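Undergrad: structure, please.
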Amino acid sequence: FFLHLTQDHNNIMVKSIVSTAIFLLCSSGATAFSLSGSEKAAVSDSTLGSRRGFLSTSVATIVGGTSIAALVAQPQPSYAATAKEIITTESGIKYAVTKEPTNKKPIAPLKGDIVAISTTGYLVNGQIFDATHAEGSSELLVFKVGSGSVIPGLDEIVSRMVVGQKVQAIIPPELAYGEKGVCLDDGECLIKPGSTLVYDVFLKKSSIPPP
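TA: Next up, the predicted model:
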């Protein structure tokens, strides 16, 4: 996939930083944080893969022959959950595994574990709203599973993953920023109220928190 920024580069970078700050400040409980440089090396157990994204003109990512754009536009009652198809959770999240782990016995995070992920967030039109922790960047997003430090949909997806796995997920508004969205003081909204979001997530590391 190729990433094409649809707005002025500087504006996108500013919005990405602001949205990430709001993303963390608006959450409750423990706070997620970034990991970079030598700290990143401490949690790294494999080399980051190539960056994935969306076509700039549409969310036409094909997973198992199904268009993400089509899934967002039309309710899909059910899917046969296979490795190449879209899986729908009871909460309404739709996701597909885009890369399987190389480890034959991968670790699955449990509630309370500390995880480190690479992630890119998109609007349904394919526009990136947060690439601060994208694959290939110098930072990982680190948080405690189940602590409420990230949006519920992202927390749920990570709890369903194993280390080394990559997924692409469609998160409904009620498990993202709901009817509030993410808006600046001047009224401009980085994420409009009621927005469905799409995330690429790569689970890099999971560990038991220190006593």
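Undergrad: only C-alpha atoms for contact and neighbour calcs from this point on.
TA: OK.
Undergrad: ranges for the helices of the chain?
TA: 9-25, 37-43, 68-73, 152-159 (DSSP state H).
Undergrad: worst average pLDDT in those helices?
TA: Comparing mean pLDDT over the helices of the chain, the weakest stretch is helix 9-25, at a mean of 41.
Undergrad: can you pull the pLDDT of the residue nearest to Ile93 when sequence neighbours are not counted?
TA: If the residues on either side of it in the chain are set aside, Ile93 comes closest to Ile171, at 5.1 Å by Cα to Cα, 6 or more residues apart in numbering. Confidence at Ile171, expressed as pLDDT, is 98.
Undergrad: quick one, what contacts Ile171?
TA: Shown in contact with Ile171 (Cα atoms under 8 Å, 6 or more residues apart in numbering): Gly92, Ile93, Lys94, Gly153, Leu154, Thr196, Leu197, Val198, Tyr199.
Undergrad: which parts of the protein are strands?
TA: Using DSSP state E, the strands of the chain run over 33-36, 62-63, 66-67, 87-88, 94-99, 114-123, 128-130, 139-144, 166-171, 182-183, 189-191, 197-207.
Undergrad: which helices and strands sit right next to the longest one?
TA: Contact analysis of strand 197-207 by 3 or more Cα pairs under 8 Å, 6 or more residues apart in numbering; DSSP states H and E lists strand 114-123, strand 166-171 as its packing neighbours.
Undergrad: the closest residue to Ser206 other than its chain neighbours and Pro193, how far apart?
TA: Once flanking residues are discounted, Ser206 sits nearest to Val115: 4.3 Å by Cα to Cα, 6+ apart. Distance of Val115 to Pro193, computed by Cα to Cα, to the nearest Å: 28 Å.
Undergrad: the more surrounded of these two?
TA: Remark: of Val115 and Pro193, Val115 carries more neighbours, 25 against 16, as counted by other Cα atoms under 10 Å.
Undergrad: which regions of this structure sit below the pLDDT cut-off?
TA: 1-84 (pLDDT under 70).
Undergrad: what's the separation between Ser207 and Ile114?
TA: 5 Å.
Undergrad: when these two are compared, which one has more neighbours?
TA: Neighbour count, other Cα under 10 Å: between Ser207 and Ile114, Ile114 has more, with 20 against 16.
Undergrad: tell me the spacing between the more buried one and Glu139.
TA: 16 Å.
Undergrad: repeat for Lys204
TA: 12 Å.
Undergrad: anything in contact with each of these two?
TA: Contacts common to Lys204 and Glu139, judged by Cα under 8 Å, 6+ apart, are Ser118.
Undergrad: neighbour count: those two, which is higher?
TA: Lys204 (23 against 20).
Undergrad: hmm, the more buried one is touching Thr119, no?
TA: No - with contact defined as Cα atoms under 8 Å, Lys204 does not count as touching Thr119 (10.3 Å).
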